[in-house]
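>>> need coordinates for the below:
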Amino acid sequence: MLKALFFKNFFYPFVAILFAIFMVKGDKAYAMDFQDSADGMSQLIVQRFLKAYEDSEVKKDNVSSTASHNASENEKDLEILKKCILDIDVTAIPIDNSMDSFLENKVLPSIQFLLGSSFVKKNDNYNALKWLEKAKKNGYHEVEDHILLAQLHIGMQHKENKNFAQALVWFQKGAHKDANSQFSIGELYATGKIAQKSGKNAIKWFNRVLENTNYPNFYFDSVHKAQLDIQANHHLGKIYLYGFGVSPDFPKAAKYFSEVNQADLYEDNTFAFYGLGCAYYEMQNFSEALKNFKIADQKGIPEASYNIGVMYSVGGTVPQNLKEALVWFEKSKVMGCEKATKAITAINSAIGSEAHTNKNYEEAIKYYKMAADDKDASASFIIATMHLLGQGTPKNKDEALKWYTKAKDYGHQKAQEEIDTLNHPTLMISRCPLM
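As a prediction, the model looks like this:
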């Protein structure tokens with residue numbers, strides 16, 4: 001009686017569902033396999049499988065009762081099976097040894113493939129590989145891209161855990177075809193995650209990304225590939241600009257950065273404009289350098305503002321303009337460039353010196369004081385002298401002494417001598433020889 005109830009309430013519905021989901025249409029051999037394997041399954045597994053099916057939105061009429069499992073109808077079968085299995089989430093069902101053996105040895109390759117895909121969806125990539133490789137071994141031909149994805153994910157997990165040697169091993173498994181794996185290898189070399197930076201190896205792998213035409217596939221479309229190409233160009237530009245493991249090549253750097261800047265898909269091309277400005281500067285194309293530095297400045301790179309300041313302060317590259325240089329150095333400082341402070345001090349002192357030479361003493365003392373505020377010893381010494389001589393300010397011995405003291409504190413070697421002279425006026429008398 002109990003046995004009859006079990007078959008009526010559990011076993012027969014279970015077999016019917018398996019027939020529908022696995023699409024074993026009229027195949028008696030498969031029917032026997034299902035029955036044999038079901039006898040070895042625990043009642044708990046059967047109940048959970050039925051519950052998962054009942055809770056899903058999959059209807060029986062989604063499953064064709066007449067479709068055959070030949071290659072020509074594989075795509076149609078695949079879509080039906082995705083509805084039946086992926087939505088149910090097969091990986092949530094506990095699998096004991098008998099079920100595992102059943103799935104491994106008896107199930108259609110398409111079911112093994114979709115079980116692997118379900119593990120990919122759950123980011124259980126080792127189990128995903130297990131079933132995907134079984135499906136491939138058993139003749140399922142649409143599985144390779146899914147295997148590549150699982151291998152890539154395992155490599156990324158090792159990379160996140162800073163196990164870079166293992167990450168490289170897994171990325172190399174898919175590097176014969178997968179552009180993501182190729183890019184990841186290039187990035188490991190470019191950033192020195194493997195032993196030391198290897199510019200030549202990085203260049204090799206980034207170029208393979210650019211040459212790769214194995215797309216689209218189920219997870220990697222043309223837009224994704226275009227974005228990956230842009231990032232590869234970005235890395236190549238940096239390698240040639242800074243000479244990472246290779247001699248600097250500024251024309252090549254400019255070429256790769258230009259590729260990045262011309263692409264509308266790349267959201268963060270900030271550094272590419274800065275890098276392009278640096279490359280053009282080294283190539284002595286100063287107008288293009290200035291143009292790209294200004295774009296990078298607008299995007300928030302303080303070093304770009306600093307470089308513009310350098311160009312205006314030195315002259316030759318653009319007409320020299322110390323006050324314009326000061327504007328850019330001050331902007332760079334506000335944006336966080338530490339070396340801008342020294343540049344500002346030097347420019348203030350230079351503007352003061354230029355005004356002093358032109359006898360514009362009021363402007364001179366104004367800029368000298370801004371330099372002195374940054375503890376510039378020379379500017380402080382000159383301010384003291386101008387107070388002593390009454391240049392741009394009334395003569396004032398006390399003010400002169402104050403600024404000579406600051407100059408001494410800031411390290412001016414002659415300041416103490418001037419302080420002594422002011423404190424002991426007799427030292428200022430000329431000692432003529434006796435007649």
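>>> please make it C-alpha for all contacts and neighbour counts, starting now.
Will do.
>>> where in the chain is pLDDT low?
Residues of the chain meeting the criterion pLDDT under 70: 1-108, 195-197, 215-219, 264-268, 425-435.
>>> how about a cut-off of 80?
Applying pLDDT under 80 to the chain flags the ranges 1-112, 114-115, 117-119, 121-122, 141-142, 195-197, 214-222, 263-270, 424-435.
>>> ok, and what's touching the lengthiest helix in it?
Counting residues, the longest helix found in the chain (DSSP state H) is helix 222-242. Outside of helix 222-242, the residues within contact range by C-alpha atoms under 8 Å, 6 or more residues apart in numbering are 179-180, 183, 187, 190, 199, 203, 206-207, 209-210, 215-216, 244-250, 252-257, 259-260, 263, 265-266, 272, 275, 278-279.
>>> show me those residues that map onto helices.
Per DSSP H, the contacts of helix 222-242 map to helices at 179-180, 183, 187, 190, 199, 203, 206-207, 209-210, 250, 252-257, 259-260, 272, 275, 278-279.
>>> and the residues you listed, which are buried?
With burial judged by 16 or more other C-alpha atoms under 10 Å, the buried subset of the ones in helices among the contacts of helix 222-242 is 179-180, 183, 187, 190, 199, 203, 206-207, 209-210, 250, 252-254, 256-257, 259-260, 272, 275, 278-279.
>>> how near is F250 to S287?
16 Å (C-alpha to C-alpha, to the nearest Å).
>>> hmm, I was thinking of K366
According to C-alpha to C-alpha, K366 and S287 sit 32 Å apart.
>>> got the buried residues for stretch 273-286?
Buried-residue list, stretch 273-286, by 16+ other C-alpha under 10 Å: 273-281, 286.
>>> show residues contacting that stretch.
If you take C-alpha under 8 Å, 6+ apart as the criterion, stretch 273-286 is touched by 237-238, 241, 250-251, 253-254, 257-258, 261, 288-293, 295-296, 301, 304, 317-318.
>>> can you list the domains in the protein?
When the chain is parsed with automatic domain parsing, its domains come out as 10-122, 143-246, 268-334, 339-423.
>>> give me the neighbour count for A325.
25 (other C-alpha atoms under 10 Å).
>>> gap between the residue nearest to it when sequence neighbours are not counted and F273?
Residue nearest to A325 in three dimensions, not counting chain neighbours: G309, with 4.1 Å by C-alpha to C-alpha, 6 or more residues apart in numbering. The gap separating G309 from F273 is 17 Å, by C-alpha to C-alpha.
>>> from A384, how far off is the nearest residue in space to H158 that is not next to it in sequence?
In space, and not counting its chain neighbours, H158 is closest to A167: 5.0 Å by C-alpha to C-alpha, 6+ apart. A167 is 65 Å from A384, where distance means C-alpha to C-alpha.
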